[in-house]
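Asker: sequence first, then the predicted structure, then my questions.
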Amino acid sequence: MRRFIIAVVGSRLRHLVGIIEELSFTTVSQRLIALIVRLAQASSTRTSDGVHVELNKTQQDLAAELGTVRELVSRNLGRLQAEGYLDVDGRDIIVRDLAGLEREQESPQ
């Protein structure tokens, strides 16, 4: 029983350290792109236009999850749309260039 508790606590600690590293060493844009890429790869529908992702959260919820404010989420979604990576229509996102988003995620900002 003791080993199980230590394993669970250790797992939670590693998870929290990962969150702290992500918040400390990545930009809001990189975190948002990572979230969109994960959603596109996990639960999405491929169409001729791109990969359709339906967000089940508001921009405020996304901001809280990413450790930022809603305005930055909105601004970064707008920038990604202007650069042609995706189209945003409310909670529907069509990822037009998934490979480009992955490259953008890795580039230093």
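Answerer: Yes, it's here. Numbers count the residues shown, from 1 in each chain.

Asker: and Leu35, which helix or strand is it part of?
Answerer: Under the criterion of DSSP states H and E, Leu35 resides in helix 28-42.

Asker: so which residues make contact with that helix?
Answerer: 22-23, 26, 51, 53, 55, 62, 65-68, 72-73, 76-77, 79-80, 86, 93, 95, 98, 101-102, 104-105, 109 (Cβ atoms under 8 Å, 6 or more residues apart in numbering). To be clear about C-beta, it is placed using only N, CA and C from the backbone, and glycine gets the same treatment.

Asker: mean confidence score for the following helix or strand past that helix?
Answerer: Downstream of helix 28-42, the next assigned helix or strand under DSSP H and E is strand 45-46. Taken as a whole, strand 45-46 has an average pLDDT of 82.

Asker: mind checking how far the next helix or strand along the chain from strand 45-46 is from the chain centre?
Answerer: Using DSSP H and E, the helix or strand that directly follows strand 45-46 along the chain is strand 51-54. On the basis of Cα atoms, centre = their mean, to the nearest Å, strand 51-54 sits 13 Å off its chain's mean C-alpha point.

Asker: list the strands paired with strand 51-54, with their directions.
Answerer: strand 45-46 (antiparallel), strand 92-95 (antiparallel) (DSSP bridges).

Asker: same question for it, mean pLDDT?
Answerer: In this model, strand 51-54 has a mean pLDDT of 90.

Asker: mind listing what's buried along that strand?
Answerer: Going by neighbour count (16 or more other Cβ atoms under 10 Å), the buried part of strand 51-54 is 51, 53.

Asker: pull the residues that contact it.
Answerer: Applying Cβ under 8 Å, 6+ apart, the contact partners of strand 51-54 are 36, 39-40, 43-46, 91-95, 98.

Asker: can you tell me which helices and strands whatever helix or strand comes next after it packs against?
Answerer: For strand 51-54, the following helix or strand on the C-terminal side (DSSP H and E) is helix 59-66. Where contact means 3 or more Cβ pairs under 8 Å, 6 or more residues apart in numbering; DSSP states H and E, helix 59-66 is packed against helix 28-42, helix 70-82.
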